[in-house]
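**Student:** Below are the sequence and a predicted model; questions follow.
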Amino acid sequence: MTALERSLWGWGHAQRFPDLEARRAQGELFQAALGFAIGEPAAPAALDEIQIAKPRVPVPAELEAFTRSDLEARVLHAQGKSYRDLIRGFHGRFDNPPDFVVSPRSEAEVERTFDWAAGANVAVVPFGGGTSVVGGVECPLPPGRRGVVTLELSRLSRVLEIDDVSEVARVQAGALGPVFEAQLQSAGFTFRHYPQSYTHSTVGGWIATRAGGHFATGRTRIDAFVESARMLTPIGWYESQRFPSSGAGPSPDASLVLGSEGTLGVITEAWLRVQRPPKFRARASLGFSSFHEAAHAVRSIVQAGLQPANCRVLDPVEAQLNQVTHTGDAVLLLGFESTDHPMSTEVQRAVELAQAAGGRLSGPVRETSTGPTEEADRWKQAFIDAPYLQNVLVSCGVIADTFETACTWSRFEALDRGIRARVGKVLEEVCGAGVLTGRITHAYSDGVAPYYTFLAPGRGGAELEQWEAVKEAASSTLADLGGTITHHHAVGRVHQRHYSKERPVVYGEAFRALRARLDPSGLLNPGVLEAQ
Ligand SMILES: Cc1cc2nc3c(=O)[nH]c(=O)nc-3n(C[C@H](O)[C@H](O)[C@H](O)COP(=O)(O)OP(=O)(O)OC[C@H]3O[C@@H](n4cnc5c(N)ncnc54)[C@H](O)[C@@H]3O)c2cc1C
């Protein structure tokens, strides 16, 4: 993928943005599904219409060979891919571009960038794929600094080594999902960590944000894949040892690398657990008369110790938008996979438990022993492509965003009801109409991760204020009803206030002390995780 192909403002590749006619047709379909009027699609600002602040610092000679400071590079690295970013970018607004973009080709060039930045009093923002939805890669000028540069890692994207006895690979942090996967596949392995942003996000970004893949249970969050990591901090290299597990004190990876969001160092490499491609698959889908009934089925399945790869509940609008055939008011998609043995017993037992909770099979249970089916590939592709719809919706003036959480099973029903009531009311008040859809993406024996999408008519020029009101209603309701501010979208700037309330006060103090020790002059990503 070259820089030229990435959309300046929207999700993914620019070439995938449909023409006016196609957008108009999609708008009509959405209007029918969502029940509110959807406007005539507009066109996004072109590169030559975008005006951004002039660079505050010139490119120094020692970084020149691996640095870009042209308009396109600065625009492409000015913000992430949340609704807030898309609507601003669509209208040509890039408020916080970096002064320039450094693309190191080696760890030595990462070190050189740090040395220059410390001496020049310039902040550094690490950048993987730039898919942050929480303002994690923006470059506002911190107080007392001369400038801010982006350090992006796309040139460090190779698998360096595979320990095929232990099934672990050493990979550079700048590898995008498909780039990493292609190298693994040529060695007979696969990774199987699929955040929905998989095609445009990186290994380093996943580790820095504690990303959640879309296997519903088992090994799904990136934490479970990291055997060890290597990170350059402003005071030197940090590298944890390769152990499958260790009880020696607090975990060095968990406290220093995972979830550090570019505030403690730049992750350059990691040893990640990989596996042989699965061969045996089994799947089933069941309809339920309510979302909560389907959730109850999920609880029975995970508490029985079954670990489905897919255990996703969609409410009716979600099912319609995802083109999933369904009967009833919620659908449960179940999928099991294994490299080693057939999944018949597991899928049969999961179906029995789901039926006992009120589920009705929507078709036959399917099994295969020859690798992915065409249908499974289609589902995966539709899931990965779904974010392109957001580009179309934004161009039609629709506010379209998602939020997610996790809570214990005992709190789930009250939380779900509370979110639907409160967010529904605010959508009505602020937008005059709107739809909130829900799904369950991840399940644990003690709780669940519900995921919500809100879609509402935006008022030209006021969309950001409308979005903020809905987002705040959602965030404060989650906090009131016992949900975390995020299950996998990270903290960045957007979730900071709620995150600081949910973590213990003493932890906050300890983290600030750690950050001050590793980055004494506050060089890295100021304003992310904590206000300055
Ligand atoms: C459409 C869409 C779908 C998404 N789906 C999911 C999902 O299913 N699961 C999920 O977990 N998230 C999801 N996200 C959020 C986002 O993709 C994740 O947070 C992802 O892990 C970010 O990776 P990235 O490489 O794009 O990082 P970036 O966006 O570039 O950076 C994210 C943060 O990590 C820091 N960072 C990046 N690379 C490094 C590095 N090498 N060293 C140190 N710090 C670094 C940055 O400074 C920033 O604070 C989605 C986002 C979008 C837009």
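**Tutor:** Perfect, I can see it now. Residues are numbered from 1 along each chain as shown.

**Student:** in this protein, which helix or strand is least confident?
**Tutor:** For the chain, using mean pLDDT, DSSP states H and E, the weakest element among its helices and strands is helix 374-385, scoring a mean of 76.

**Student:** Spell out which parts of this structure neighbour the ligand.
**Tutor:** Within the chain, the positions adjacent to the ligand are 11, 80-81, 125-133, 136-137, 153, 173, 195-197, 201-202, 204-206, 208-209, 211-212, 214, 261-262, 266-267, 387, 488-490, 492, 525, 528 by C-beta under 6 Å from any ligand atom. Quick note: C-beta positions are derived from backbone N, CA and C, even for glycine.

**Student:** which residues in the stretch 401-532 of the chain form helices?
**Tutor:** Here the stretch 401-532 of the chain has its helices, by DSSP state H, counting those that start in this stretch, at 409-431, 463-480, 496-502, 505-518.

**Student:** tell me the domain ranges of the protein?
**Tutor:** Domains of the chain are assigned by automatic domain parsing as 1-41+386-488, 44-152, 159-273, 280-370.

**Student:** Let's have those domains in JSON lines, adding mean neighbour count and mean pLDDT.
**Tutor:** Output for the domains of the chain, formatted as JSON lines (neighbours: other C-beta atoms under 10 Å; pLDDT from 0 to 100):
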{"stretch": "domain 1-41+386-488", "mean neighbour count": "18", "mean pLDDT": "95"}
{"stretch": "domain 44-152", "mean neighbour count": "19", "mean pLDDT": "98"}
{"stretch": "domain 159-273", "mean neighbour count": "20", "mean pLDDT": "96"}
{"stretch": "domain 280-370", "mean neighbour count": "19", "mean pLDDT": "93"}
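
**Student:** which other helices and strands contact the top strand by length along the chain?
**Tutor:** Ranked by residue count, the top strand of the chain under DSSP state E comes out as strand 447-457. Counting contacts by 3 or more C-beta pairs under 8 Å, 6 or more residues apart in numbering; DSSP states H and E, strand 447-457 packs against helix 291-303, strand 398-404, strand 407-408, helix 409-431, strand 435-443, helix 463-480.

**Student:** Need the contact partners of the strand or helix carrying residue 337.
**Tutor:** In the assignment (DSSP states H and E), residue 337 maps to strand 330-338. By C-beta atoms under 8 Å, 6 or more residues apart in numbering, the residues outside strand 330-338 that reach it are 278-291, 293-294, 297-298, 301, 306, 308-316, 319, 324, 343, 346-347, 350-351, 354, 359, 362, 376.

**Student:** Distance from the chain centre to that strand, please.
**Tutor:** 21 Å (C-alpha atoms, centre = their mean, to the nearest Å).

**Student:** Report the inter-axis angle for the helix or strand that that strand is followed by versus strand 330-338.
**Tutor:** Once the chain leaves strand 330-338, the next helix or strand it forms, by DSSP H and E, is helix 344-356. Angle of helix 344-356 versus strand 330-338, following axes from the mean of the first three to the mean of the last three C-alpha atoms, to 10 degrees, is 170 degrees.

**Student:** any idea how far the residue in the stretch 251-400 of the chain positioned nearest to the ligand is from residue 284?
**Tutor:** Among the residues of the stretch 251-400 of the chain, residue 262 lies closest to the ligand, at 2.6 Å counting by C-beta to the nearest ligand atom. To residue 284, residue 262 is 41 Å away according to C-beta to C-beta, to the nearest Å.

**Student:** Next: residue 260.
**Tutor:** 40 Å.

**Student:** Please apply the same query to residue 139.
**Tutor:** Applying C-beta to C-beta, the value for residue 139 to residue 284 is 48 Å.

**Student:** Could you find the closest non-adjacent residue to residue 134?
**Tutor:** residue 492 (2.8 Å; C-beta to C-beta, 6 or more residues apart in numbering).

**Student:** Could you pull up phi and psi at that neighbour?
**Tutor:** phi 50, psi -130 (degrees, to the nearest 10).

**Student:** What about it, how many residues nearby?
**Tutor:** Other residues near residue 492 come to 25 when the count uses other C-beta atoms under 10 Å.

**Student:** contacting residues for it?
**Tutor:** Residue 492 neighbours (C-beta under 8 Å, 6+ apart): 80, 132, 133, 134, 135, 136, 261, 528, 529.

**Student:** can you do 7 Å?
**Tutor:** Counting by C-beta atoms under 7 Å, 6 or more residues apart in numbering, residue 492 makes contact with 132, 134, 135, 136, 261, 528.

**Student:** closest to residue 62 among those?
**Tutor:** Nearest to residue 62 among the contacts of residue 492, counting by C-beta to C-beta, is residue 528 at 26.1 Å.

**Student:** Could you pull up the contacting residues of the closest one?
**Tutor:** Taking C-beta under 7 Å, 6+ apart, one finds 136, 261, 262, 263, 492, 493 in contact with residue 528.

**Student:** circling back to that earlier point, skip the chain neighbours and tell me the closest residue to the residue of the stretch 251-400 of the chain closest to the ligand.
**Tutor:** Nearest residue to residue 262, sequence neighbours excluded (C-beta to C-beta, 6+ apart): residue 126, at 3.7 Å.

**Student:** In which helix or strand does the one you found reside?
**Tutor:** Going by DSSP H and E, residue 126 is part of strand 122-127.

**Student:** From residue 492, how far out is whichever residue of the chain sits closest to the ligand?
**Tutor:** The nearest approach of the chain to the ligand comes at residue 205, 2.0 Å away (C-beta to the nearest ligand atom). The spacing between residue 205 and residue 492, counted by C-beta to C-beta, is 12 Å.

**Student:** same check, this time on residue 22
**Tutor:** Residue 22 is 33 Å from residue 492, by C-beta to C-beta.

**Student:** immediately after the least confident helix or strand of the chain, which helix or strand?
**Tutor:** helix 387-395.

**Student:** What are the contacting residues of stretch 382-395?
**Tutor:** With C-beta under 7 Å, 6+ apart as the test, stretch 382-395 has contacts from 10-12, 16-18, 23, 26, 30, 41-42, 44, 86-87, 90, 196, 198-199, 322-323, 400, 455.
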